[in-house]
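Chemist: I'd like to go over a predicted model; first the sequence, then the structure.
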Amino acid sequence: MWTFTLKRLFHLIPILFGVSLITFLLMSLTPGDYYTTLSQNPQISPEKVAQLRAQWHLDRPWYVQYLFWLKGALQGNFGYSMAYKIDASELIFGRLWNTFILSFCATVVAWLVAVPLGIWAAVKKDSWADRFCSLMAFVGLSIPELLLALLALMFAASTGWFPIGGAQSALYDLMPPAEQFRNRLHHLILPTLVLAASELAGIMRQMRSNLLDTLRAEFVTSARAKGLAEGWVVYKHALRNAINPLLTIFGYSLAALLSGAFVVENVMAWPGLGRLTMEALFAKDYQLVVASVVMATGLLVAGNFIADLLLAWSDPRIRLK
Amino acid sequence: MEQTVQTHLHPESALAPEPQVEHLSPWQISWRRLRRRRLAITGGIILIILYLLALFAGFVAPYHYENQDRDRFFHRPTRIQFEGFRLVVPRYKQVEGQFRYEPIRNDTKPIRFFIKGDKYKLFALFPTTVHLFGTGDKNYPIYLLGTDQYGRDILSRVLYGSQISLSIGIVGILLSFSLGMLIGGISGYFGGTTDNVIMRLSELIMSIPGLYLIMTLRATFPPKLSSVQMYLLIVVILSFIRWAASARVIRGMTLSLRERQYVLAARSLGQSTLTIITRHILPNTFSYVIVAATLSIPYYILGEVVLSFLNVGIQEPDASWGIMLNAAQNTEYLRDFPWLLAPGGAIFITVLAFNFLGDGLRDAVDTKSQ
């Protein structure tokens, strides 16, 4: 298990390097930089702009810039945000945390709803409940997060039960801690539900078909032949084996989850990495873009890593390969 | 009863092929199984209708997509009524100082078919002014899905927008799957260093969360482009990311296919590697490709929608479902004029139809089940 963990961990390093390199290259291909608008301002002398550019090595070729950035990144400094005028790291960890919280809560909600529903649909195969679930799964798979997020905004705007976008109220800083916590939770509910709803359908369908496959297996027939109660057969024998492939799904679904979070953040003004990336792209704040793309990738590969570990832990065949 | 006795008596008729064994190609078998799936067929029929509507968008749409009615911003959907056997639309009166419109009683105009209206080009070739339906009177507009913030008919814009959304998926899968098949085929067939490099590259692309990479790629191009350039750019960016996933699967299939005897036979006949890959190996992955392609069309539709929604895709005044939803981002609009979400409904129906069809196709070509 340890060698497996180390091997997988070692695998992550080149990916993060590669991603930062690609993003940096793309940013260097982008027309203009943060100081382009500044240089058109007649009140600022060209020398001053050139000096500012030199300060962040923007006058050097992109690979030199990359090496400078890499040197900083290895020391935990992910560059400087020219638009916000602070270190990118300071900005990014707060946003990373927001994206993480949103994705984490959505995943928990989605799994808590989807797994029991999937089991229910499989056990009651071909009943109206099963049909209804599979139809709802189709609907869930087909409603884009964008539309769901807009509908959630509409709901919030017309009922007033939930805040319209954002992660906290304007008076957040003046609140006592307990109130602050409630306030954040209140803001978190709608984005979580939107993101969870779009994820739920896939998990549910997978759970259903896994359990159906397992229920057809011979060991289930033999368990039934022994005269075990049906509940025991399903929950003790079949379910354990059916859950296993879901761990793979967990790893795969992370990329979709982060893309979904990107949309939800931008529509519902949730201050996460996706929104930060869009803001930074519009402001041509390139070091911030690189830092947030690398962070998002980090989140994804870390999630995949955890999924791999869970899979290896539950299935010895994988870790011994 | 008598007949069965007879067959036993006559040796010739006993030799005749009794249970007619049909020889069906795998495609025919799949088609038969597909036909039995009601959802898949429903999805297919919906799609045929949608594509026909997109093809004849200019004809079906009562107005041109840029046509602004400056007297009627945020007009609510027109209610069609029956008057005897005729369909009529009422005239609406604006509530003073508000974007609210009330129908006037007993002031209606019949809907007429094949009526002259805005100019447009059918199939972008034949200039004409004939529309499927309309009233022919400016004072009795027919806005079945209401109007937007510039007073443009939403139904017409949804129809014109469908030309982008429905074609972008097809162009996208053609591009990304031909790329994916070729790269995956090469990777799996040659193995070794080639395989290693390609697989590491695809891993790299797949480890960046989709939209982050899409947006970063988008930023490397100028923000303002013509609609055609933008359309091509969106397709290229979306396919550039998507080939990796299909290439990996195709590679896996090629790895096992290249060990087959017919590949050995082709090689010993002296066929070139490219021929072996494209003529002998890749056709065997078609059933996977067709299913995966159908199921990945929504990705392109939604990609364009998200890009346009975030103001980096198709731009005003052109009609696309994403740019139309952009107007709905304003929560006050959203609360008071919910019909702005109509393009969202169109997206939902289209994606649902593709999912129905794709799901049915997957079951139909899956020879393991059943």
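Modeler: Nice, I can see it.

Chemist: C-alpha only now, for contacts and for neighbours.
Modeler: OK.

Chemist: isn't A:Asp308 up against A:Gly251?
Modeler: Yes: if you go by C-alpha atoms under 8 Å, A:Asp308 and A:Gly251 touch, sitting 7.4 Å apart.

Chemist: show me what the strand or helix carrying B:Val228 is packed against.
Modeler: Per DSSP states H and E, B:Val228 falls inside helix B:227-257. Packing partners of helix B:227-257 (3 or more C-alpha pairs under 8 Å, 6 or more residues apart in numbering or on different chains; DSSP states H and E): helix B:154-190, helix B:192-207, helix B:210-219, helix B:286-309.

Chemist: next SSE after it?
Modeler: Immediately after helix B:227-257, counting by DSSP H and E, sits helix B:261-268.

Chemist: what's the following helix or strand after that following helix?
Modeler: Per DSSP H and E, the first helix or strand lying C-terminal to helix B:261-268 is helix B:273-275.

Chemist: buried set for that next one?
Modeler: For helix B:273-275, burial by neighbour count (16 or more other C-alpha atoms under 10 Å in any protein chain shown) applies to no residue.

Chemist: that helix: how far from the chain's middle?
Modeler: Taking C-alpha atoms, centre = their mean, to the nearest Å, one finds the center of helix B:273-275 at 33 Å from the center of the full chain.

Chemist: other residues contacting it?
Modeler: Helix B:273-275 is contacted from outside by B:Arg267, using C-alpha atoms under 8 Å, 6 or more residues apart in numbering or on different chains.

Chemist: so for that helix, mean pLDDT?
Modeler: The average pLDDT for helix B:273-275 rounds to 85.

Chemist: repeat that for stretch B:209-221.
Modeler: Here the average pLDDT along stretch B:209-221 is 86.

Chemist: got it, and stretch A:233-248?
Modeler: For stretch A:233-248, mean pLDDT rounds to 80.

Chemist: what about it, near chain B?
Modeler: No: against chain B, stretch A:233-248 shows no contacts by C-alpha under 8 Å from any C-alpha of the partner chain, the least distance being 15.3 Å.

Chemist: next, the buried residues of that stretch.
Modeler: Applying 16+ other C-alpha under 10 Å to stretch A:233-248 flags A:Val233, A:Val234, A:His237, A:Ala238, A:Leu239, A:Asn241, A:Ala242, A:Ile243, A:Asn244, A:Leu246, A:Leu247 as buried.

Chemist: quick one, helices of the stretch 1-150 of chain B?
Modeler: For the stretch 1-150 of chain B, the helices defined by DSSP state H, counting those that start in this stretch occupy B:2-9, B:11-15, B:26-35, B:38-55, B:57-60.

Chemist: and chain A, which of those helices is closest to it?
Modeler: helix B:38-55 (9.9 Å; C-alpha to the nearest C-alpha).

Chemist: helices or strands next to the closest one in the packing?
Modeler: By 3+ C-alpha pairs under 8 Å, 6+ apart, helix B:38-55 packs against helix B:26-35, helix B:154-190, helix B:342-365.

Chemist: out of those helices, flag the one nearest A:Phe4.
Modeler: When these are compared by C-alpha to C-alpha, helix B:154-190 sits nearest A:Phe4, at 25.6 Å.

Chemist: buried stuff in the closest one?
Modeler: Under 16+ other C-alpha under 10 Å, the buried positions of helix B:154-190 are B:154-166, B:168-173, B:175-189.

Chemist: got it, and stretch A:43-52?
Modeler: Quick answer for stretch A:43-52 (16+ other C-alpha under 10 Å): A:Val49.

Chemist: now the stretch 1-150 of chain B, which segments are flagged as low pLDDT?
Modeler: B:1-22 (pLDDT under 70).

Chemist: hmm, try it at 50
Modeler: Residue ranges of the stretch 1-150 of chain B with pLDDT under 50: B:1-9, B:11, B:13-14.

Chemist: OK, now which residue of chain B is nearest to chain A?
Modeler: Nearest residue of chain B to chain A: B:Thr220, at 3.9 Å (C-alpha to the nearest C-alpha).

Chemist: would you agree that residue is in contact with A:Pro31?
Modeler: Yes: between B:Thr220 and A:Pro31 a contact is recorded at 6.6 Å, counting by C-alpha under 8 Å.

Chemist: re earlier: would CSV of the helices and strands packed on helix B:227-257 with distance to A:Phe132 be doable?
Modeler: CSV is the format used below for the helices and strands packed on helix B:227-257 (distance: least, C-alpha to C-alpha, whole Å):
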stretch, distance to A:Phe132
helix B:154-190, 28
helix B:192-207, 34
helix B:210-219, 31
helix B:286-309, 22
